[in-house]
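J.: just the structure for this:
(chains A, B, C and D)
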There are 4 protein chains.
Amino acid sequence: MTVTVVVGNPKPASRTLTAASLVAKGLRQDSEPTVIDLVSFGSGLLSWGDPAVAAAVQAVAASELVVFASPTFKATYTGLLKLFLEQFDGGTGLADVVAVPVMLGAGPVHALAPDLLLKPVLVELGATAALPGLYLSDRTFQEDGVIERYTDRWRSVAQALGTRTTDHA
Amino acid sequence: MTVTVVVGNPKPASRTLTAASLVAKGLRQDSEPTVIDLVSFGSGLLSWGDPAVAAAVQAVAASELVVFASPTFKATYTGLLKLFLEQFDGGTGLADVVAVPVMLGAGPVHALAPDLLLKPVLVELGATAALPGLYLSDRTFQEDGVIERYTDRWRSVAQALGTRTTDHA
Amino acid sequence: MTVTVVVGNPKPASRTLTAASLVAKGLRQDSEPTVIDLVSFGSGLLSWGDPAVAAAVQAVAASELVVFASPTFKATYTGLLKLFLEQFDGGTGLADVVAVPVMLGAGPVHALAPDLLLKPVLVELGATAALPGLYLSDRTFQEDGVIERYTDRWRSVAQALGTRTTDHA
Amino acid sequence: MTVTVVVGNPKPASRTLTAASLVAKGLRQDSEPTVIDLVSFGSGLLSWGDPAVAAAVQAVAASELVVFASPTFKATYTGLLKLFLEQFDGGTGLADVVAVPVMLGAGPVHALAPDLLLKPVLVELGATAALPGLYLSDRTFQEDGVIERYTDRWRSVAQALGTRTTDHA
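T.: Model prediction:
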């Protein structure tokens, strides 16, 4: 069972990373997620063919569950995250991956963004985006209970789909 | 195992109904779907408390898999379908229902509408919207193979989630 | 100079109506808006050809500025408003109309809905949707200053486009 | 009168650039647009403070009309374009700029993307996004007449708003 966290924050080791890891661990309590902090790729994301980026794409595509997390910049996910998503094949790049869209923001006004904006890109890559988008307050997510309620609610769905994928193998 | 088709076309017995039924049967080949043709409710949808509408809401909420289908009017789903969705409780009205957004149009220009516009309403009602939105040509869906490819691709996901729900009961 | 307010709230004489009228008067201080409270049409909206609905469509299409206002139901505008918008011709039904999308909600979480969901339908009808969508708190809009700041900011844009339309005539 | 074209294609001197320039010239026939080909900034877009990027941001913010153009990657605009938009101040960065969202794609299935996805980011930056989004076929835009019909239809709106801005100065 492979769980991966993809972090699209231009600041390394961000609160986005912390939050996304909590979501991943909450959904798959038996598994330590692999973390891909996209900022570490630097200009490797601006073209195609960078070996470190290619390895990350492969790791994501081979995962059962991937949390795609971004801060909210200008009411949507970051360009940094989009650059990474552009490295995948359309329609199949995330086939059989349960992909979870997570965004963090300072206030609630952009709460629709994960479902209206980030999830459709994951769907375009063929992901199984079975869980609702999750929007978190970047100031209170560690103690407001939102992540815990979300992961308690949706863990069994993630589990059912992960098991299915395993059975296919 | 209960499968339901909800049809939001103001014309009774529409191609939308035919297409939605094919999608439902393709995803659950062992089950004859119940069809709810919303136009039959007439002005019962314009308020709250109509008994026939309330029974339909209950039937949908108790289903494992529901195909929500609409023609494309003004680049999005119909007001008729939205009136029905407004009868459900926010956040929980479609809890544990695998909800599949399907739209039909004359040409491909509105192909993003099921994922960008219809699916978010189902998510708001608490549905498990695990499958990508499906956009169909209202002229060719009976022979273009789009429904068959879609249902072949996503049947196992619908099955995994349906089984899960059954296990819960 | 004709200004119209279209209200898509299933409750007559709603706060939506009050808010929309304030927006209209703020944008065009010289003009008393005509108010169309869609709930009054009842089942006339469920088909095509109702004379009262047809007259309302004509009045809207002949206006220079129209505020389209809706409460937020299930994270988007109402089915009632959509039924009315379906009465217009696609691409041209709102040609040369400056259309302003306004939504009201109990809290800020759906604040993206006017721009992401309601405005695109107006654009599809050919409207000049030059102003940003406006999202209001249905509890505080009378005193929170949001409408005043919005209308102060955008009045000159509405004016420039209204003048243009007049010059064409 | 300043007209600028912003091109978010990772390939330099792309068809996106050609198309965007045609749109700009069609809307403002008296004015040669300044072209900003974002790929030329390289990794300068991955952080804040690059002088060439800062100069481009200033030039855009000081323009009356700006065409923001992108190819369609994974059903939406590019990460490259988003990186540039993140350099602007939220709410005010594009104040008094008439911003026109243009996207190109191989086929029509993503035709809703300019209005549903790209325009809202421009609105978030305070732009006057008065014109509908424009979606072009990257194979036929030079001869299919779509740009000409669009610019003929919307030139007077762009003109009315540009004149207004000039009057303000």
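J.: backbone phi and psi for the residue nearest to A:Thr2 when sequence neighbours are not counted, please?
T.: Take A:Thr2 and drop its neighbours on the chain: the residue closest to it by CB to CB, 6 or more residues apart in numbering or on different chains is A:Ser63, 4.4 Å away. Every C-beta, even on glycine, is put in place using the N, C-alpha and C of the backbone. With angles defined as degrees, to the nearest 10, A:Ser63 sits at phi -80, psi 160.
J.: contact partners for A:Ser63?
T.: Shown in contact with A:Ser63 (CB atoms under 8 Å, 6 or more residues apart in numbering or on different chains): A:Thr2, A:Val3, A:Thr4, A:Thr34, A:Val97.
J.: closest to A:Pro114 among the residues you listed?
T.: Set against A:Pro114, the nearest of the contacts of A:Ser63 by CB to CB is A:Val97 (16.7 Å).
J.: can you report how many residues neighbour the closest one?
T.: By other CB atoms under 10 Å in any protein chain shown, 26 other residues sit near A:Val97.
J.: now A:Gly145
T.: 11.
J.: and chain A, which residues reach chain D?
T.: A:10, A:42-43, A:45-47, A:73-76, A:78-86, A:88, A:90, A:117, A:120-121, A:124-125 (CB under 8 Å from any CB of the partner chain).
J.: angle of the helix or strand of chain A with the lowest mean pLDDT against helix B:146-168?
T.: Here the helix or strand of chain A ranked lowest by mean pLDDT, DSSP states H and E is helix A:146-168, holding a mean of 83. Angle between the axes of helix A:146-168 and helix B:146-168 is 110 degrees (criterion: axes from the mean of the first three to the mean of the last three CA atoms, to 10 degrees).
J.: helix A:146-168: how far from the chain's middle?
T.: Offset of helix A:146-168 from its chain centre (CA atoms, centre = their mean, to the nearest Å): 14 Å.
J.: and A:Val5, that's in a strand?
T.: Yes - assessed by DSSP: H, G, I helix; E, B strand; the rest coil, A:Val5 belongs to a strand.
J.: that older thread, now list the buried members of the residues of chain A next to chain D.
T.: A:10, A:45-46, A:73-76, A:78-86, A:88, A:117, A:120-121, A:124-125 (16 or more other CB atoms under 10 Å in any protein chain shown).
J.: return only those of these found close to chain C.
T.: Applying CB under 8 Å from any CB to those, those adjacent to chain C are A:Ala75, A:Leu117.
J.: narrow the buried ones among the residues of chain A next to chain D to those in strands?
T.: If you go by DSSP state E, these have nothing in strands.
J.: could you look up the SS state of A:Lys25?
T.: helix.
J.: now it, nearest residue through space, not along the chain?
T.: Nearest to A:Lys25 is A:Pro33, by CB to CB, 6+ apart, at 6.6 Å.
J.: neighbours of that neighbour, how many?
T.: Neighbours around A:Pro33, by other CB under 10 Å: 22.
J.: ok, it touching A:Val5?
T.: Yes - here A:Pro33 reaches A:Val5: they are 4.7 Å apart, a contact under CB atoms under 8 Å.
J.: what's the distance between the residue nearest to A:Lys25 and A:Gly126?
T.: A:Pro33 sits 21 Å away from A:Gly126, going by CB to CB, to the nearest Å.
J.: what of A:Asp152?
T.: Relative to A:Gly126, and taking CB to CB, A:Asp152 is found at 28 Å.
J.: who's more crowded, these two?
T.: A:Gly126 (21 against 12).
J.: ok, and the closest non-adjacent residue to the more buried one?
T.: A:Ala95 (4.4 Å).
J.: how about A:Gln29?
T.: Excluding the flanking residues, the one nearest A:Gln29 by CB to CB, 6+ apart is A:Arg155, at 7.8 Å.
J.: confidence score at the residue nearest the centre of chain A?
T.: Against the mean C-alpha coordinate of chain A, by CA atoms, centre = their mean, the closest residue is A:Phe68 at 1.3 Å. pLDDT, A:Phe68: 99.
J.: pairing partners for the host helix or strand of it, with directions?
T.: In this structure, A:Phe68 sits in strand A:65-71 according to DSSP states H and E. Paired with strand A:65-71 in the same sheet, following DSSP bridges, are strand A:3-7 (parallel), strand A:98-105 (parallel).
J.: name the SS class of the residue of chain A found nearest chain B, please.
T.: Residue nearest to chain B within chain A: A:Ala130 (3.4 Å; CB to the nearest CB). Secondary structure, three-state DSSP: A:Ala130 is coil.
J.: what count of nearby residues applies to the nearest residue to A:Thr151 once chain neighbours are set aside?
T.: Spatial nearest neighbour of A:Thr151, chain neighbours left out: A:Gly26 (2.8 Å); criterion: CB to CB, 6+ apart. As a burial measure, A:Gly26 scores 18 neighbours (other CB under 10 Å).
J.: just checking, A:Val23 touches A:Leu134?
T.: Yes - with contact defined as CB under 8 Å, A:Val23 reaches A:Leu134; the gap is 6.6 Å.
J.: what sits in contact with each of these two?
T.: Shared contacts of A:Val23 and A:Leu134, counting by CB under 8 Å, 6+ apart, come down to A:Val100, A:Val102, A:Ile147, A:Tyr150.
J.: tell me who's in contact with the residue nearest to the last one when sequence neighbours are not counted.
T.: Closest residue in space to A:Tyr150, ignoring its immediate chain neighbours: A:Leu134 at 5.4 Å, by CB to CB, 6+ apart. With contacts defined as CB under 8 Å, 6+ apart, A:Leu134 is in contact with A:Val23, A:Val100, A:Pro101, A:Val102, A:Met103, A:Pro114, A:Val146, A:Ile147, A:Tyr150.
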